[in-house]
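>>> for reference, the sequence and a predicted model appear below.
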Amino acid sequence: MANYFNTLPLREQLAQLAQCEFMDPAEFADGVEALKGKKLVIVGCGAQGLNQGLNLRDSGLDVAYTLRDSAISERRQSFLNASENGFTVGTYEELIPTADVVLNLTPDKQHTAVVNAIMPMMKQGSTLAYSHGFNIVEEGMQVRDDITVIMVAPKCPGSEVREEYKRGFGVPTLIAVHPENDPQGHGLAQAKAYAAGTGGHRAGVLKSSFIAEVKSDLMGEQTILCGMLQTGSILCFDKMIEKGIDAGYASKLIQYGWEVVTEALKYGGVTNMLDRLSNPAKVKAFELSEELKVIMRPLYNKHQDDIIDGTFSRVMMEDWANDDANLLKWRAETAETNFEKTPAGDVEISEQEFFDNGILMVAMVKAGVELAFETMTAAGIIAESAYYESLHETPLIANTIARKKLFEMNRTISDTAEYGCYLYNHACLPLLQDFMQNIDTDVIGRGLGERCNHVDNQTLIAINKSLREHPVEIIGTKLRGYMSAMKKIV
Ligand SMILES: NC(=O)C1=CN([C@@H]2O[C@H](COP(=O)(O)OP(=O)(O)OC[C@H]3O[C@@H](n4cnc5c(N)ncnc54)[C@H](OP(=O)(O)O)[C@@H]3O)[C@@H](O)[C@H]2O)C=CC1
Ligand SMILES: CC(=O)[C@](C)(O)C(=O)O
Ligand SMILES: [Mg+2]
Ligand SMILES: [Mg+2]
């Protein structure tokens, strides 16, 4: 198999990257009807598998799980996830031949093996569904001609797919039909029904392509969503300890701070996040963010370039072939960081204090969101897709850090995302060393205090204009307008 994207002429590559159409909520008027009475069999019951299955069942669909024999015989967590939630669990032989739709929710690294194992058992005219296009786009998986191939990709960690559904909302979702596999022409109807079943249609659905989803998802997860939050956590914590801030306070400010400051993003974009600061703090956060964007832009470009030309996938797949040696090593190293090893203190931090004492965190989020958005759109990704993959998903990732720090984030995201997050972290830590030399507790840990309350009007006017006119804010205002059912988290 070869990288599918790299086999296409540039004309087709650009066309596929640009596939992105915001779907009017009216297009989901039929809800899950296209899948009603169909047998949905999910392969894998992990982050996406369990949470999507719970939502699909609550939406009235017939859902069962098929797991590899060892998961069942050893009663592994995936077996417990499915059985303890009352789902039928069976082997491939028992369930795949009965399935109308097989949802492949196993780790990307396992997709080729899994699809090769289940495809011979899939009935004529059935459907194979993915939640990330890696196997099709980066590995070039060839699926039997009679099988419909679709994708329903939540722009969100598995845990929050369920939490937002339970709140009566959902998460932005990209859907696609693989152009090489839509023999009955019902791929889109099934993808729409699947998206409605997960609740994605309440937040917003983009009619995308496997290529557009992969090339944006890999970029968002490696940079702003996971890489920036990991690097920012480590740098901000170590700086506060160096400057004598209480370790428990520093740990809590970061662990919960990302969630608090990015919740402001969710409701009102970067503008609202900075508006939560005092004017002197806003000016400081803007200046730090501009400095960070200059330093980090080459790194964001490199990540996007390596994703587009397949270098990232090739390097990661070499680690897959080496039994995940680097992934496991980097996971263990992350666990040994001071931030991860320091429990959050039993100290009260008000919502506003997270902003006032976390100016650098606000600056990092602003820089990461804008850089990721700018880099994705420069690579041909459409603004709506880039928005969901940068600004909107950041608070959803921050929710996982609030639960159990970087451990929980890296446990909840896919192994693909985790691998890319570590690549970014290893490059960004040294990149920001000089920048961090000039950082003090006024922007992380203690805040500006009252000594600084003068702001030049022209400067503030220019900053407010710049914030409001960034393209991520323009498209964000439009897309958040469709999210009337969005619920508060903090
Ligand atoms: N994690 C996330 O938040 C997101 C993930 N995705 C995509 O969703 C898909 C699933 O990812 P995710 O939910 O993170 O995966 P997880 O690692 O959380 O779960 C994987 C599941 O697959 C099973 N599994 C692992 N290896 C095999 C194998 N060789 N054969 C059969 N089953 C296997 C595991 O069970 P056991 O090992 O017990 O057999 C487990 O149940 C991926 O394509 C990912 O890119 C998309 C958006 C977000
Ligand atoms: C959660 C999500 O959207 C990621 C980061 O893309 C993933 O886990 O692969
Ligand atoms: Mg993603
Ligand atoms: Mg991903």
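Sure thing, it's come through. Residues are numbered from 1 along each chain as shown. Ligands and ions are numbered 1, 2, ... in the order given.

>>> how near is whatever residue of the stretch 1-150 of the chain ends up closest to ligand 2 to Leu467?
As assessed by Cβ to the nearest ligand atom, ligand 2 sits closest to His132 within the stretch 1-150 of the chain, at 6.1 Å. Yep, even glycine has a C-beta here, placed from its N, CA and C like the rest. Going from His132 to Leu467 by Cβ to Cβ, to the nearest Å gives 32 Å.

>>> more neighbours: which of those two?
His132 (27 against 21; other Cβ atoms under 10 Å).

>>> which SSE is the nearest residue to that one once chain neighbours are set aside in?
Computed as Cβ to Cβ, 6 or more residues apart in numbering, the closest residue to His132 that is not its neighbour in sequence is Ala153, at 5.7 Å. Using DSSP states H and E, Ala153 sits in strand 148-154.

>>> and that strand, what does it pack onto?
strand 127-130, strand 173-177, helix 187-198, helix 210-220 (3 or more Cβ pairs under 8 Å, 6 or more residues apart in numbering; DSSP states H and E).

>>> how about the third one and ligand 2, touching?
No - Helix 187-198 does not reach ligand 2 (Cβ under 6 Å from any ligand atom); its nearest approach is 13.1 Å.

>>> now the angle from that helix to strand 173-177?
Between helix 187-198 and strand 173-177, the angle comes out at 160 degrees (axes from the mean of the first three to the mean of the last three Cα atoms, to 10 degrees).

>>> how far does helix 187-198 sit from its chain's centre?
20 Å (Cα atoms, centre = their mean, to the nearest Å).

>>> follow-up on the earlier one: where does the residue nearest to His132 land on pLDDT?
On pLDDT, Ala153 comes in at 98.

>>> and this protein, which residues reach ligand 2?
For the chain, the residues in contact with ligand 2 (Cβ under 6 Å from any ligand atom) are Lys155, Cys156, Pro157, Asp217, Glu221, Leu225, Ile413, Ser414, Thr416, Ala417.

>>> so how many other residues sit close to the closest residue to Ile474 other than its chain neighbours?
Once flanking residues are discounted, Ile474 sits nearest to Ala383: 8.0 Å by Cβ to Cβ, 6+ apart. Using other Cβ under 10 Å, Ala383 has 18 other residues around it.

>>> you'd agree Cys156 is up against Leu396?
Yes - using Cβ atoms under 8 Å, Cys156 makes contact with Leu396 at a distance of 4.8 Å.

>>> intersection of neighbour lists for the two?
Shared contacts of Cys156 and Leu396, defined by Cβ atoms under 8 Å, 6 or more residues apart in numbering, comprise Glu164, Val171.

>>> between those two, which one's more packed in?
The residue with more neighbours, out of Cys156 and Leu396, is Cys156; 30 against 25, by other Cβ under 10 Å.

>>> spit out the contact partners of the more buried one.
If you count contacts by Cβ under 8 Å, 6+ apart, then Cys156 has Glu164, Val171, Pro172, Glu393, Leu396 around it.

>>> the stretch 201-350 of the chain: helices as residue ranges?
Ranges of helices in the stretch 201-350 of the chain, per DSSP state H, counting those that start in this stretch, are 210-220, 229-242, 247-275, 279-309, 311-321, 325-335, 338-341.

>>> got the contact list for Ala427?
Leu299, Lys302.

>>> quick check on it: phi, psi?
When read as degrees, to the nearest 10, the backbone of Ala427 gives phi -90, psi -30.

>>> got it, and Val63?
The phi/psi pair for Val63 (degrees, to the nearest 10) reads phi -120, psi 130.

>>> count of neighbours near it?
24.

>>> which residues touch it?
By Cβ under 8 Å, 6+ apart, the contact set of Val63 is Leu40, Val41, Ile42, Gly53, Leu56, Arg57, Phe87.

>>> which single residue of the stretch 301-450 of the chain ends up nearest ligand 1?
For the stretch 301-450 of the chain, Cβ to the nearest ligand atom, closest residue to ligand 1: Ser414, 3.8 Å.

>>> how far away is that residue from Asn326?
16 Å.

>>> more crowded one of those two?
Under the neighbour definition other Cβ under 10 Å, Ser414 and Asn326 were set side by side, and Ser414 has more, 22 against 17.

>>> Leu40 belongs to a strand?
Yes - secondary structure of Leu40 (DSSP: H, G, I helix; E, B strand; the rest coil): part of a strand.

>>> okay, and the beta partners of it?
Beta bridges link Leu40 to Val63, Val101 when assigned by DSSP bridges.

>>> now do Ile150
In beta-bridge terms (that is, DSSP bridges), Ile150 pairs with Ala129, Val177.

>>> let's see the pLDDT reported for it.
Per the predicted model, pLDDT is 98 at Ile150.

>>> that one: neighbouring residues, count only.
Ile150 has 26 neighbouring residues, counting by other Cβ under 10 Å.

>>> that one contacts Gln184, doesn't it?
No - between Ile150 and Gln184 there is no contact under Cβ under 8 Å: 11.6 Å.

>>> got the residues of the protein near ligand 4?
The chain comes close to ligand 4 at residues Asp217, Glu221, Ser414, Ala417, as judged by Cβ under 5 Å from the ion.

>>> list the contacts of the last one.
It refers to Ala417. By Cβ under 8 Å, 6+ apart, the residues touching Ala417 are Glu221, Gln222, Leu225, Cys226.

>>> leaving out chain neighbours, which residue sits closest to the second one?
Translated: Gln222. Counting by Cβ to Cβ, 6+ apart, Gln222 lies nearest to Gly420, which is 3.4 Å off, once chain neighbours are set aside.

>>> distance of that neighbour relative to Cys156?
17 Å.

>>> packed most tightly, which of the helices of the stretch 201-350 of the chain would that be?
helix 210-220 (a mean of 29; mean count of other Cβ atoms under 10 Å).

>>> ok so, going back, export the contacts of Val63 to CSV and tack on distance to ligand 1?
CSV is the format used below for these (distance: Cβ to the nearest ligand atom, whole Å):
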residue, distance to ligand 1
Leu40, 15
Val41, 12
Ile42, 9
Gly53, 11
Leu56, 14
Arg57, 17
Phe87, 12
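
>>> which residue does the stretch 51-200 of the chain bring closest to ligand 4?
Proximity to ligand 4, evaluated over the stretch 51-200 of the chain using Cβ to the ion, is greatest for His132 at 5.3 Å.

>>> what about that residue, which helix or strand?
His132 is part of no helix or strand when elements are defined by DSSP H and E.

>>> distance of it relative to Thr416?
For His132, the distance to Thr416 equals 7 Å [Cβ to Cβ].

>>> got any residues that touch both of these two?
Residues touching both His132 and Thr416 by Cβ under 8 Å, 6+ apart: Asp108.

>>> my read: Asp182 touches Asp146, true?
No - with contact defined as Cβ under 8 Å, Asp182 does not count as touching Asp146 (11.0 Å).

>>> looking at those two, which is more packed in?
Taking other Cβ under 10 Å, Asp182 and Asp146 do not tie; Asp182 has more neighbours (17 against 13).

>>> and the nearest residue to that one once chain neighbours are set aside, how many neighbours?
In space, Asp182 comes closest to Thr148 once its chain neighbours are excluded; the distance is 5.7 Å by Cβ to Cβ, 6+ apart. Thr148 sits with 23 neighbouring residues when counted by other Cβ under 10 Å.

>>> ok, now which ones touch the spatially closest residue to Thr271 that is not a sequence neighbour?
The shortest distance from Thr271 to any non-neighbouring residue, by Cβ to Cβ, 6+ apart, is to Leu467 (4.7 Å). Residues near Leu467 by Cβ under 8 Å, 6+ apart: Val270, Thr271, Leu274, Phe286, Glu473.
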